[in-house]
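S.K.: I would like to see how this sequence folds:
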Amino acid sequence: MDAFTDLARHHRERLLRFLLTRCASFADAEDVLQDTLIAAYRYIHSYDPRWRFSTWLYRIAIRNAAKLRGPDHVQIGDLRDEDNDPLQKCIAWSESENLWVNARRLLNDEVFAAMWLRYAEDMSVKDISQALDRSVSWTKVNLMRGRRVLDAELNDAATKSEAYG
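M.R.: Numbers count the residues shown, from 1 in each chain. Prediction:
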């Protein structure tokens, strides 16, 4: 029990950060995190030590988040207040400048997850493919495609900024 508590404590913050990108609210992300840790504890006997523990844990989290979201889930951008509140405008502007918010908007769920696991969590391509239950080739191709989409978006934003700046 103490060893698992240490593992959970070690992975909790990073896993929550990842889940915040996949859930509609902080509360949902915390619920999925709790469900993930409970499932990991409950099924620790099924863990295959050939893979990193974090890979196994992220795979459980991805499945739990997908169950929570269901077919008619709410995206992060759908939660913004629509009136002309200056604070909301400031928040929206700040979010538009954030690479991960743009990535969330531009990429499908699996490609975004692959990008997040690679660049935010520093996981290997092999571990990402295991966590997402995809081939290594799929992972490499979709990481490349995700980078291209984000590069095009950043170049477009830079061009617009120069035109108005």
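
S.K.: how far out from the middle of the chain is stretch 45-56?
M.R.: On the basis of CA atoms, centre = their mean, to the nearest Å, stretch 45-56 sits 20 Å off its chain's mean C-alpha point.

S.K.: pull out the buried residues from that stretch.
M.R.: 54, 55, 56 (16 or more other CB atoms under 10 Å). (Glycine included, C-beta is placed from N, CA and C.)

S.K.: and those residues, which is closest to residue 111?
M.R.: Nearest to residue 111 among these is residue 55, at 17.9 Å by CB to CB.

S.K.: tell me the contacts of that closest one?
M.R.: When contacts are counted by CB atoms under 8 Å, 6 or more residues apart in numbering, residue 55 is found next to 123, 127, 128, 130, 131.

S.K.: hmm, 10 Å instead?
M.R.: The contact partners of residue 55, by CB atoms under 10 Å, 6 or more residues apart in numbering, come to 47, 48, 117, 123, 124, 126, 127, 128, 129, 130, 131, 132.

S.K.: once you drop chain neighbours, what's closest to it?
M.R.: Ranked by CB to CB, 6 or more residues apart in numbering and with sequence neighbours excluded, the top spatial neighbour of residue 55 is residue 127, at 4.3 Å.

S.K.: just the strands in the protein please.
M.R.: With strands called from DSSP state E, the chain shows none.

S.K.: show me the shaky parts of it.
M.R.: Low-confidence segments of the chain, defined by pLDDT under 70: 1, 69-98, 157-165.

S.K.: in it, which helix is the longest?
M.R.: Secondary structure of the chain per DSSP state H: the longest helix is helix 136-164.

S.K.: no further queries at this time; thank you.
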